[in-house]
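Chemist: build the 3D model from these lines:
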Amino acid sequence: MTNARLFLKIAGAAAMAGMLASPAEAQRDPAYQSARESGKVGEKMDGYLGIVGAATPDLRRLVDDINIRRRAVYAQQAQSNNATLEEYAFTAGCLAISRTSAGEMYQAPDGTWQQRTSAPPQRDPRCP
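Modeler: This is a model prediction of the structure:
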């Protein structure tokens, strides 16, 4: 399956099932929201949440919990869309990074953490 077709399937599934809303919106409990707004966590290119800077035990638990939930969704959706888990997660990461808001952190293609500005985020050239 091409990246563009997979991207469209993910975007469609996200809109219909709230798939990306789960990791990015519905999981925004106060601790997650605070960590995201303060730049302690950010979206990674591989589709998972990452810790920016020093990790505390509470922050590690929060990120691990969210990533476990994301992986479960990605695995189910990858199977439904005849894609590998890695392909699905990467494409979901492209979409999650594109949906970050100004001030939020994301992983750039070179692996560095960047703070989103009003400009579009830097994305991997393989992103659809």
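Chemist: for the longest helix belonging to the chain, packing partners?
Modeler: As far as residue count goes, and with DSSP state H defining each element, the longest helix of the chain is helix 57-80. Contacts defined by 3 or more C-beta pairs under 8 Å, 6 or more residues apart in numbering; DSSP states H and E place helix 57-80 against helix 30-37, strand 41-43, strand 49-51, helix 85-98. Placement of C-beta: from N, CA and C, glycine included.
Chemist: helix or strand with the lowest mean pLDDT in the chain?
Modeler: Comparing every helix and strand of the chain by mean pLDDT, DSSP states H and E singles out helix 21 as the least confident one, with a mean of 44.
Chemist: in this protein, where is pLDDT below threshold?
Modeler: Residue ranges of the chain with pLDDT under 70: 1-28.
Chemist: and with 50 instead?
Modeler: Within the chain, the set of residues satisfying pLDDT under 50 comprises 15-24, 26.
Chemist: chain center to stretch 68-85, what's the gap?
Modeler: Distance of stretch 68-85 from its chain centroid, counting by C-alpha atoms, centre = their mean, to the nearest Å, is 13 Å.
Chemist: CA atoms only: put that stretch into CSV for me.
Modeler: What follows is stretch 68-85, C-alpha atoms only, in CSV (Å, rounded to 0.1, in the frame of the first residue of the first chain):
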residue,chain,number,x,y,z
ILE,A,68,0.6,1.5,25.0
ARG,A,69,-2.8,2.7,24.1
ARG,A,70,-1.6,4.1,20.8
ARG,A,71,0.2,0.9,19.9
ALA,A,72,-3.0,-1.1,20.5
VAL,A,73,-4.9,1.2,18.2
TYR,A,74,-2.2,1.1,15.6
ALA,A,75,-1.9,-2.7,15.6
GLN,A,76,-5.7,-3.1,15.2
GLN,A,77,-5.9,-0.5,12.4
ALA,A,78,-2.8,-1.8,10.6
GLN,A,79,-4.3,-5.2,10.4
SER,A,80,-7.6,-3.8,9.1
ASN,A,81,-5.7,-1.8,6.5
ASN,A,82,-3.2,-4.5,5.4
ALA,A,83,-0.3,-2.5,6.6
THR,A,84,2.5,-3.2,9.0
LEU,A,85,2.4,-1.8,12.5
